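*Asks:* Got a predicted structure here, sequence first:
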Amino acid sequence: MGAGILRVGGVNLNYPLAFRSGSFDAVNIVEVGEHIENQPQLIREINRVLKPGGTFLVTTPNVLNLTSRMRFLFTGFLRGRIRLVHYSKKPGQAPNIYLLHFYELFYLLFQYGFTVSEPRRTRVKFPSRFFLIFLWSLMRAFSVFTIVCAEKDPLQRGYNRQIMSFIFHPAILLSTNIVVKATKISNGENRPGS
């Protein structure tokens with residue numbers, strides 16, 4: 001990190017951040033959100049401390065990749081949580097107890113004043129590529145029917161199309177973890193699709 005870049009540790013991200021509004025050009029949280037009890041509070045606070053047009057970069061386990069979906073189908077557990085949580089650990093210490101699906105993260109970012117650009121991928125494992133060959137067409141057709149065609153509200157249908165384009169992006173289908181870049185909307189700026 002450069003000399004002029006502030007790095008802060010030991011902050012409880014479940015509470016308001018101890019920074020002035022509009023203090024930062026960018027905020028980066030790496031593999032943190034899935035441990036936070038109050039994810040909406042965290043995203044609101046990140047929006048507050050970012051300058052208008054600021055960048056929010058978040059990485060999290062990708063529970064929507066094809067391997068995770070197949071694991072869930074057969075075991076009931078998503079990627080990132082392959083077994084029951086150990087009951088000796090409190091929610092603040094339990095690993096990956098608050099896993100976020102991409103569409104939940106998108107929703108929170110949308111509601112708290114961010115636009116999302118293209119997601120990026122990390123490591124891609126063979127099983128996801130294997131399942132893609134057999135399942136992509138069926139998943140796409142079923143998703144179009146249940147997510148887009150079934151929606152009666154035209155505005156929501158437009159948002160559903162946008163979310164579906166993200167959900168079928170290679171980063172979401174294949175990647176072990178996802179990287180999402182969001183930009184804080186400046187005051188008076190319109191959202192895509194609105």
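*Replies:* Looks like it came in fine. Residues are numbered from 1 along each chain as shown.
*Asks:* now the strands for the chain?
*Replies:* Along the chain, the stretches classed as strands by DSSP state E are 24-30, 50-61, 114-116, 120-121, 177-184.
*Asks:* Output the longest helix anywhere in the chain as CSV - backbone C-alpha positions only.
*Replies:* Longest helix in the chain, counting residues (DSSP state H): helix 126-143. The C-alpha trace of helix 126-143 is given here as CSV (Å, rounded to 0.1, in the frame of the first residue of the first chain):
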residue,chain,number,x,y,z
PHE,A,126,-13.2,-28.0,-12.9
PRO,A,127,-16.6,-29.1,-11.5
SER,A,128,-18.2,-25.8,-12.3
ARG,A,129,-17.0,-26.0,-15.9
PHE,A,130,-18.2,-29.6,-16.1
PHE,A,131,-21.7,-28.8,-14.8
LEU,A,132,-22.0,-25.7,-17.1
ILE,A,133,-21.9,-28.0,-20.2
PHE,A,134,-24.9,-29.9,-19.1
LEU,A,135,-27.0,-27.4,-17.2
TRP,A,136,-26.6,-24.0,-18.7
SER,A,137,-29.4,-24.2,-21.3
LEU,A,138,-31.9,-25.6,-18.8
MET,A,139,-31.0,-23.1,-16.1
ARG,A,140,-31.2,-20.2,-18.5
ALA,A,141,-34.7,-21.3,-19.9
PHE,A,142,-36.1,-21.9,-16.4
SER,A,143,-34.7,-18.6,-15.1
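*Asks:* re the thing from before, so of the strands of the chain, which one's packed in deepest?
*Replies:* strand 177-184 (a mean of 22; mean count of other CB atoms under 10 Å). All C-beta spots, glycine's among them, are computed from the backbone N, C-alpha and C.
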